[in-house]
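Chemist: quick check, what structure comes out for this input:
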Amino acid sequence: MEPPNQLNSCSSSSMPSVQDYFNGASIYVIPLAAVGAAFLMFSLLVFANTLRFILRRSCSKAKTFTTFITAIYPVIGFLSYCFLLVPRSSLLCEALSQGFITVALYQLFCLLMAYGGGHASLIETAGSVRIDLKEPPCCCWPCCALPTFALQKKAIDWFQCLVLQVPLVQGLVYFVFLLMWAENLSLYEANYWYLQPVLIISILTGIWGLTITIKALSSLLDPEFRLRTKLNILQGVLLFSKLQPLLIKVFVWTNLLPCNPPLTPQLYANMIQSALLTMEMALLGLLVRRIYRRQLPEVSSLKREPGANGPKLAGEDNPSYG
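Modeler: Here you go, the predicted structure:
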């Protein structure tokens, strides 16, 4: 049986200093840091190539939103790499990452509106388009009992609020986390899981609003816009940054990771997560380059529904990029 003090050290979630970290785990940290640096450089080069294309070819209405969304992947990769090198930066890097991701969700909503030429153009062209609220993650009651309704300004404003609340709620909760962490680490650890349901409900609500908006716009915009694919890739960032750490924690709970105080199993789990996330963001960035570096129909041209200001239009005479 291990001495009590060693058991306490292994179950502790406190992080060592950078010097102790590199002295005790250099055999793991140095190779991971080298591989992570290579993936990070690759991610930055891919983003630079995508950004050059966006600035030269993208429509002015969509340029800012597209730039921010495509920049998320190298930014999250960089923050993950900082987390790999500096263990005590975990909460700060997590808060910044979550902030950038949730703002990107709202930027995606703005990009959808830009693709449609703005709120007014969408409402004018929508005609008889009906909005169905039975979309994941709200597929059951009470959503299944809600009627469909027309795509009007109030509906678009409501969906915009659903998406906008995500960065606001996430920012407020992580600000509270940082205050508790600055006051007392044990205070932060005691309350961390109590506020997780708030974060999860906020994210699911925002994704629900985006999913409904994309479903409504899919009947108006050309399939080449790949609206659902762009949302799925952004959701992939959330899965890798939020769900993946929980899966890695299984190795901590089952005592499969080593304990060499002050290097705890949780520290090794963080090391694995940060290294994986740096690599995953590089690969997702490559996929994003393929999706966003493509010829699109004119941003402000929509397919008109029958009875909505004339016959249905394809809107492909003036190609643009975005």
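
Chemist: can you map out the strands along the stretch 151-300 of the chain?
Modeler: Secondary structure of the stretch 151-300 of the chain (DSSP state E, counting those that start in this stretch): strands located at 295-296.

Chemist: and the helices in it, which stretches?
Modeler: Taking DSSP state H, counting those that start in this stretch as the criterion, the stretch 151-300 of the chain carries its helices at 153-183, 185-218, 227-238, 244-253, 265-292.

Chemist: among the ones you listed, which comes closest to residue 66?
Modeler: Evaluated with C-beta to C-beta, these place helix 265-292 nearest to residue 66, the distance being 6.1 Å. To be clear about C-beta, it is placed using only N, CA and C from the backbone, and glycine gets the same treatment.

Chemist: hmm, back to that, so which of the helices of the stretch 151-300 of the chain is nearest residue 87?
Modeler: Closest to residue 87 of the helices of the stretch 151-300 of the chain, according to C-beta to C-beta: helix 265-292, at 5.9 Å.

Chemist: list the buried residues in the closest one.
Modeler: 265-285, 288-289, 292 (16 or more other C-beta atoms under 10 Å).

Chemist: what packs against that helix?
Modeler: Under the contact criterion of 3 or more C-beta pairs under 8 Å, 6 or more residues apart in numbering; DSSP states H and E, helix 265-292 touches helix 18-57, helix 60-85, helix 227-238, helix 244-253.

Chemist: now the angle from it to helix 244-253?
Modeler: Put simply, helix 265-292 runs at 160 degrees to helix 244-253, going by axes from the mean of the first three to the mean of the last three C-alpha atoms, to 10 degrees.

Chemist: sketch out the low-pLDDT regions of the stretch 151-300 of the chain for me.
Modeler: Segments of the stretch 151-300 of the chain classed as low confidence (criterion: pLDDT under 70) are 297-300.

Chemist: and if we set it to 80?
Modeler: Applying pLDDT under 80 to the stretch 151-300 of the chain flags the ranges 151, 219, 222, 261-262, 295-300.

Chemist: quick check: residue 165 vs residue 119, distance?
Modeler: 19 Å (C-beta to C-beta, to the nearest Å).

Chemist: so for those two, which sits in the more crowded spot?
Modeler: Remark: of residue 165 and residue 119, residue 165 carries more neighbours, 16 against 13, as counted by other C-beta atoms under 10 Å.

Chemist: just checking, the more buried one touches residue 204?
Modeler: No. Taking contacts as C-beta atoms under 8 Å, residue 165 lies outside contact range of residue 204: 11.5 Å.

Chemist: pull out the buried positions in the strand or helix carrying residue 93.
Modeler: Using DSSP states H and E, residue 93 sits within helix 90-115. Within helix 90-115, the residues that count as buried by 16+ other C-beta under 10 Å are 90-98, 100-115.

Chemist: for it, the averaged confidence score.
Modeler: Helix 90-115 carries an average pLDDT of 94.

Chemist: helices and strands around it, which ones?
Modeler: The contact analysis (3+ C-beta pairs under 8 Å, 6+ apart) places helix 90-115 against helix 60-85, helix 153-183, helix 185-218, helix 227-238.

Chemist: let's see it at 10 Å
Modeler: Helices and strands touching helix 90-115, by 3 or more C-beta pairs under 10 Å, 6 or more residues apart in numbering; DSSP states H and E, are helix 60-85, helix 119-126, helix 153-183, helix 185-218, helix 227-238, helix 265-292.

Chemist: how about those, which one is nearest residue 20?
Modeler: For the helices and strands packed on helix 90-115, the distance to residue 20 is smallest for helix 265-292, at 10.1 Å, taking C-beta to C-beta.

Chemist: okay, angle between the closest one and helix 90-115 too, please.
Modeler: Going by the same axes, to 10 degrees, helix 265-292 is angled at 20 degrees with respect to helix 90-115.

Chemist: run the chain-centre distance for helix 265-292.
Modeler: Average the C-alpha atoms of helix 265-292, do the same for its chain, and the two points are 12 Å apart (C-alpha atoms, centre = their mean, to the nearest Å).

Chemist: can you check what angle separates it from helix 227-238?
Modeler: Helix 265-292 runs at 160 degrees relative to helix 227-238, counting by the same axes, to 10 degrees.

Chemist: how many neighbouring residues does residue 201 have?
Modeler: For residue 201, the count of nearby residues is 12 (other C-beta under 10 Å).

Chemist: quick check: it touching residue 162?
Modeler: No. Using C-beta atoms under 10 Å, residue 201 is not in contact with residue 162, being 11.6 Å away.

Chemist: for stretch 31-45, which positions count as buried?
Modeler: 32-33, 36, 39-40, 42-44.

Chemist: if you could redo that for stretch 236-249, that was the one I meant.
Modeler: 236-238, 240-242, 244-245, 248.
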